[in-house]
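[1] I'd like to go over a predicted model; first the sequence, then the structure.
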Amino acid sequence: MSNAVTELNKTQTKERNWLKYLWEQYSVLFALIVLIIFASILSEHFLSITNITNVLRQVSIVGILSLGMTFVIILGGIDLSVGSVLAMSGTVVMASQVTYSTSIPVSIVLGLMCGLIIGLINGLMVTYGKITAFIATLAMMTIARSIALFYADAGAISGLNSTYAKIGNAYVFGIPIPVIIFVIMVFLSYIVLEKTVYGRHVYAVGGNAQAARLSAISVFRVTIISYMICGFTAAVGSIIETSRLNSISTSTSGNMYELDAIAAVIIGGASLSGGRGRILGTLFGVLILGVLSNTMNLLNISPYLQGVVKGLIIVAAVLLQKRD
Amino acid sequence: MLINKRRMQLTHLERIHAIKWLANYKSLASMLIIFVIASMTSHYFFTWENMVNIVRQASMIGIIALGVHFVVLLGMFDLSVGSVLVISGTVIMASQNVFGTDIFLSMILGVVTGCIVGFLNGFIIAYGRVPSFITTIAAMFIFRSLALWYGSGGALNGNYIRYTELGHGSTWGIPNLVFPLIVVAVSAHIILTKTLLGRYIYALGQNPMAASLSGAPTRWIVITAFAISGTAAGMGAVFETSRLNSISTSTSGIFYELDVMSAIVIGGSNLKGGKGSILGTVCGVLMLTMISNYMNLQNVSPYLQGILKGILVLVILYRKSRKG
């Protein structure tokens, strides 16, 4: 067998390279397929339409967050504030509806603006302020969460308009709207990152900021836009989160979402030192995390143990990447 | 000629030393300024009870920060300290409760647990070459989950009333917890300034390549630093459990890593590694505690405090980046 393989290697290097390419680019996809096969063997409920819809709906919020996170991580940065930005944008949406009785579209626009502005501030701190991304967004995490807590006295704000709840709960052609939003966001981020000049610049800056600067790429602008995209995706996530329950809990909404989002991006094959990562990889990373927790729920494994599995998978993913 | 040269080197060394001392005094000076302002503007601030209170509050974050300081000197992060605290606390409480071990032995078990977790972190970082950020995030998931799983998400209570004497009692009017804190701070200072390990840690933090080329056992230095950080978190668990005679697996230690990081940053350490002193970190911890104590005395909403602390960290980092 191994002889045959080496023979094949010698004679058909081209094909071997192609296989290697396939493995390098899509090892996450293989992992996901293997996981799905295992899941469907272990539990007969897994492959039912209801369950799959369920998984997709559960991952949609963290999924959208990790799309923005992908931009920032490819850039070599990190954004720890997304969970708090979600809480703050959600507070803006709910407060504008409840206290100032704005219409639904206006409140959504306000929420998105809030995410964009926080992203802008993050980007400015990292570029012009020259503060390490890790610590700048850590401080922003505290600040944004505290603003939300301060406004609502650590309680929840509930919406009055039941039409708004439709965004999070209604179906179109049997597909939940959050899933549709997630798919649209995946498509958009794929186009932006892979098919536009800006997207190429993100890779260039993440790979070698100095070289990018010398080839006349505005590193500051690319960085700021990426952090704004990250804030924007957090705000989109907040709209799904708030509309799902028609309320936002300032103390618990979005807690630890940043870690899940980072985990998904890392599992998807991005490197924390920047320059590497794909939107599709992130999508598969998100799905791996979702399928895992869903399977563990179906198998009645204590939800508390999910963190152990998640942690082990993150380390394993990074260890496996290093081997390439 | 030679003597001249040597003299020049000496003055140069002295200058570096003086600058280092000035940098130390800077955090000390700002702490004193805050102290004086707070004493002047609040009647209650400068009373013996309040001072005791501040020191007691500071001891928890302080002991953890002293350990994490070693990791930060290497230019790395330890985000797992909160979870290490909770798993060590769980070990302490469970051994007292379920296995009836005596107080002293259970404390040792807790500290050893922290040390083992830190060792594992360091091992994966050094030999697996996984970034510290990712490894410790994974450890954060894993050990929090194990504690949650063991305690079913609830709290574990201790059996011995006598155990709380450590956390509540005081000797000669000084809280008991201060004594181990001082011992750890002094020994950390001695390790960092007077021993080979300390020199190696600074060398590795300033220039990993140079350190490894000059024969420093880089992997073991990293492992030792993380083991120290884990041990300190284990001691933090002793502090936490002895104060409350219980550990809450879901809330104990949450966000401690953030407080610890802010304290270290405020104390003047460089997050890129190689710079920072124990005195600075102690001052940083005391400064943060004093500020929140003062704001509590002035009836500032705790949520507003989060905003102010976040802004404080950002301003300090911004000023630092302007300077160099």
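    Noted; the coordinates are in hand. Numbers count the residues shown, from 1 in each chain, chains lettered A, B, ... in the order given.
[2] OK, contacts around A:D260?
    The contact partners of A:D260, by CB atoms under 8 Å, 6 or more residues apart in numbering or on different chains, come to A:V62, A:L65, A:S66, A:L289. Every C-beta, even on glycine, is put in place using the N, C-alpha and C of the backbone.
[3] what helices and strands are in contact with the helix or strand where A:Q97 lies?
    For A:Q97, the host element (DSSP states H and E) is helix A:82-98. Contact here means 3 or more CB pairs under 8 Å, 6 or more residues apart in numbering or on different chains; DSSP states H and E; on that basis helix A:82-98 packs against helix A:49-74, helix A:104-127, helix A:133-152, strand A:156-158, helix A:219-245, strand A:247-249, helix A:257-267.
[4] export whichever strand or helix holds B:G205 to PDB, keeping only CA atoms.
    According to DSSP H and E, B:G205 maps onto helix B:196-206. Extracted C-alpha coordinates of helix B:196-206, given in PDB (Å, rounded to 0.1, in the frame of the first residue of the first chain):
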ATOM      1  CA  LEU B 196      19.200  33.400  36.600                       C
ATOM      2  CA  LEU B 197      15.600  32.600  35.900                       C
ATOM      3  CA  GLY B 198      14.600  36.200  36.300                       C
ATOM      4  CA  ARG B 199      17.400  37.400  33.900                       C
ATOM      5  CA  TYR B 200      16.400  34.700  31.400                       C
ATOM      6  CA  ILE B 201      12.800  35.900  31.600                       C
ATOM      7  CA  TYR B 202      13.700  39.500  30.800                       C
ATOM      8  CA  ALA B 203      16.100  38.400  28.100                       C
ATOM      9  CA  LEU B 204      13.500  36.200  26.500                       C
ATOM     10  CA  GLY B 205      10.900  38.900  26.600                       C
ATOM     11  CA  GLN B 206      13.100  41.500  25.100                       C
END
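[5] that older thread, let me know the average pLDDT across the helix holding A:Q97.
    Throughout helix A:82-98, pLDDT has a mean value of 92.
[6] now swap in stretch A:225-235 and tell me
    What stretch A:225-235 shows for mean pLDDT is 94.
[7] check whether it contacts chain B.
    No. Using CB under 8 Å from any CB of the partner chain, stretch A:225-235 stays clear of chain B, with a minimum separation of 14.7 Å.
[8] tell me what angle the helix holding A:Q97 forms with helix A:219-245.
    If you take axes from the mean of the first three to the mean of the last three CA atoms, to 10 degrees, helix A:82-98 sits at 60 degrees to helix A:219-245.
[9] residue 79: neighbouring residues, count only.
    Just so you know, I chose chain A. 36 (other CB atoms under 10 Å in any protein chain shown).
[10] try again with chain B
    27.
[11] check A:L287 too.
    23.
[12] element containing it, please.
    helix A:279-298.
[13] ok, the helix ranked longest in chain A near chain B or not?
    Ranked by residue count and defined by DSSP state H, the top helix of chain A is helix A:13-42. No. Helix A:13-42 stays clear of chain B (CB under 8 Å from any CB), getting no nearer than 15.9 Å.
[14] mind giving me the packing neighbours of that helix?
    By 3+ CB pairs under 8 Å, 6+ apart, helix A:13-42 packs against helix A:2-11, helix A:279-298.
[15] if we use 7 Å, what do you get?
    Counting contacts by 3 or more CB pairs under 7 Å, 6 or more residues apart in numbering or on different chains; DSSP states H and E, helix A:13-42 packs against helix A:279-298.
[16] good, wrapping up.
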